[in-house]
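Chemist: Based on what follows, work out the 3D shape:
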Amino acid sequence: MENLSKKEKIKALEEMIQVVLIRIPKEIEAMRFYLSAAEKSVTQASKELFINLAQQEKGHEAELKRILEDLKQQLAELKKS
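Modeler: Got it, this is the predicted structure:
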């Protein structure tokens with residue numbers, strides 16, 4: 001992004017923020033799906049698999065939230081300069 005104008009950088013950051021905002025609920029939805037599947041599992045192995053997948057989705061959600069905060073901070077700093 002170094003070769004972009006300030007206006008282009010702002011637009012790029014805003015677009016990235018929108019992408020992350022769209023993805024966070026998808027991760028939550030996937031986590032809930034896997035937890036539901038775990039509850040319905042008939043074997044311990046499948047239950048553990050679905051719980052593991054749910055935990056991965058929770059990790060994705062946390063990482064996306066971290067990225068979102070970083071992008072928002074970058075955007076705020078860029079707008080101040």
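
Chemist: distance of Ile51 from Phe33?
Modeler: The span separating Ile51 from Phe33 equals 12 Å under the rule C-beta to C-beta, to the nearest Å. Any C-beta I mention is one placed from the backbone N, CA and C, and that applies to glycine too.

Chemist: Equivalent analysis for Ser81, please.
Modeler: In terms of C-beta to C-beta, Ser81 sits 42 Å off from Phe33.

Chemist: Neighbour count: these two, which is higher?
Modeler: Shown here are Ser81 and Phe33; by other C-beta atoms under 10 Å, Phe33 has more neighbours (14 against 6).

Chemist: in what helix or strand does the more buried one lie?
Modeler: Element membership of Phe33 [criterion: DSSP states H and E] is helix 6-40.

Chemist: what mean pLDDT would you report for that helix?
Modeler: Here helix 6-40 scores 97 as its mean pLDDT.

Chemist: so how far is that helix from its chain's centroid?
Modeler: A distance of 4 Å separates the centroid of the chain from that of helix 6-40, by C-alpha atoms, centre = their mean, to the nearest Å.

Chemist: What are the buried residues along that helix?
Modeler: By neighbour count on 16 or more other C-beta atoms under 10 Å, the buried set for helix 6-40 is 9, 13, 16-17, 20, 24, 27, 30-31, 34-35, 37-38.

Chemist: Could I get the phi/psi values of the most centrally placed residue in the chain?
Modeler: Computing the C-alpha centroid of the chain and ranking residues by C-alpha atoms, centre = their mean puts Leu64 first, at 3.0 Å. Per-residue torsions, Leu64: phi -60, psi -40 (degrees, to the nearest 10).

Chemist: need the contact list for the residue lying closest to Ile24 once chain neighbours are set aside.
Modeler: Of all residues not flanking Ile24 in the chain, Leu64 sits nearest, at 5.1 Å (C-beta to C-beta, 6 or more residues apart in numbering). Applying C-beta atoms under 8 Å, 6 or more residues apart in numbering to Leu64 gives the contacts Val20, Arg23, Ile24, Glu27.
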